[in-house]
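Peer 1: Could you look at this predicted model? Sequence included:
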Amino acid sequence: MLCLDLQKHNCPYPLLESKLWLKQAKVGDQVQLLLGDSGSRSDIPQYFRRLGHDVRIEQDAHSFCVTITVQPLKD
């Protein structure tokens, strides 16, 4: 699983990086995104859920991690 540490970047950079990853990803591929800014923390999970991908969020006092698993495209 690929891990992208994007904590030091503000939106839209993390969203753009995750979209670039998605272009080359295959069904079942996973990526962990470590996010810092509040815009990315809300926008990225919403975006990938809207596309139909599995999104899992883990957070604690020190980190915010979004794990995305690519799902087959819906018809």
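Peer 2: It's in.

Peer 1: Just give me how far stretch 20-29 sits from the chain centre.
Peer 2: 11 Å (Cα atoms, centre = their mean, to the nearest Å).

Peer 1: any residues touching that stretch, and which ones?
Peer 2: 2, 4, 31, 48, 68-72 (Cβ atoms under 8 Å, 6 or more residues apart in numbering). To be clear about C-beta, it is placed using only N, CA and C from the backbone, and glycine gets the same treatment.

Peer 1: Quick check: mean pLDDT of that stretch?
Peer 2: On average, the pLDDT along stretch 20-29 is 96.

Peer 1: in that stretch, what's buried?
Peer 2: Buried positions in stretch 20-29, judged by neighbour count with 16 or more other Cβ atoms under 10 Å: 21-22, 25.

Peer 1: what two of the contacts of stretch 20-29 have the greatest distance between them?
Peer 2: L4 and P72 (22.7 Å; Cβ to Cβ).

Peer 1: So for the two, which residue has more residues nearby?
Peer 2: A count of neighbours by other Cβ atoms under 10 Å puts L4 above the other of L4 and P72, at 17 against 9.

Peer 1: Where does the more buried one sit, in terms of helix or strand?
Peer 2: strand 2-6 (DSSP states H and E).

Peer 1: Quick check: neighbours of that strand in the sheet, parallel or antiparallel?
Peer 2: Strand 2-6 has the following strand partners under DSSP bridges: strand 30-35 (parallel).

Peer 1: Now the partner strand: buried residues?
Peer 2: So for strand 30-35, counting by 16+ other Cβ under 10 Å, buried means 31, 33, 35.

Peer 1: ok, so of those residues, who is nearest H9?
Peer 2: Looking across the buried residues of strand 30-35 and measuring by Cβ to Cβ, the closest to H9 is L35, at 8.7 Å.
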